[in-house]
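Visitor: 3D, please:
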Amino acid sequence: MDEKAFHTSLVTPEQVVLETDAIFAVVPASDGLQGILPYHAPLISKMKIGILKLETHTEVHQFMVNGGYMQMKDNALTILTDEAIAESAVTADLIAAEQAKADALPETTPEEVQARKQAMVRVSVLKKLSPVQ
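Guide: Numbering: from 1, shown residues only. Next up is the predicted model:
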């Protein structure tokens with residue numbers, strides 16, 4: 001790894017989604033977007049549903065992450081999330097299916113209203129990642 005990069009691991013319960021050396025990351029932290037550069041100070045943060053952006057020297061990776069946690073320590077960024085959907089996997093069919101799921105959720109209790117809001121945020125994030133707007 002060169003001195004202008006940091007090791008990055010994106011992990012879900014099922015798999016290691018991506019291991020790369022990044023030069024910049026934007027993480028959807030619970031209190032706003034968090035920018036990460038090489039040798040960032042140690043940091044642990046809760047994440048919200050949003051777009052994770054990882055830039056390497058040659059490419060940009062973007063994922064919808066479904067919450068989780070991130071840690072920056074010893075020039076390594078570790079991202080633990082329940083789900084990570086790569087930008088390349090976002091299709092109109094996926095967005096339509098997620099929209100249908102969100103529309104079908106009841107809204108009779110405060111918990112159900114919150115679940116529906118989260119589902120709609122998920123749809124919104126997927127639409128932002130979609131190559132076809």
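
Visitor: what helix or strand is V27 on?
Guide: strand 24-29 (DSSP states H and E).

Visitor: CA-only coordinates of that strand, as CSV, when you get a sec.
Guide: Taking Å, rounded to 0.1, in the frame of the first residue of the first chain, the C-alpha atoms of strand 24-29 are listed here in CSV:
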residue,chain,number,x,y,z
PHE,A,24,-10.7,8.9,-0.1
ALA,A,25,-14.0,7.7,1.4
VAL,A,26,-17.3,9.3,2.1
VAL,A,27,-19.3,7.4,4.8
PRO,A,28,-23.0,8.1,5.6
ALA,A,29,-22.5,8.5,9.3
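
Visitor: Partner strands of that strand, with direction?
Guide: Neighbouring strands of strand 24-29 in its sheet, by DSSP bridges, are strand 32-36 (antiparallel), strand 43-55 (antiparallel).

Visitor: Compare those and give me the one nearest D21.
Guide: Taking C-beta to C-beta, strand 43-55 is the member of the strands paired with strand 24-29 nearest to D21, at 9.8 Å. C-betas here are computed from N, CA, C, even on glycine.
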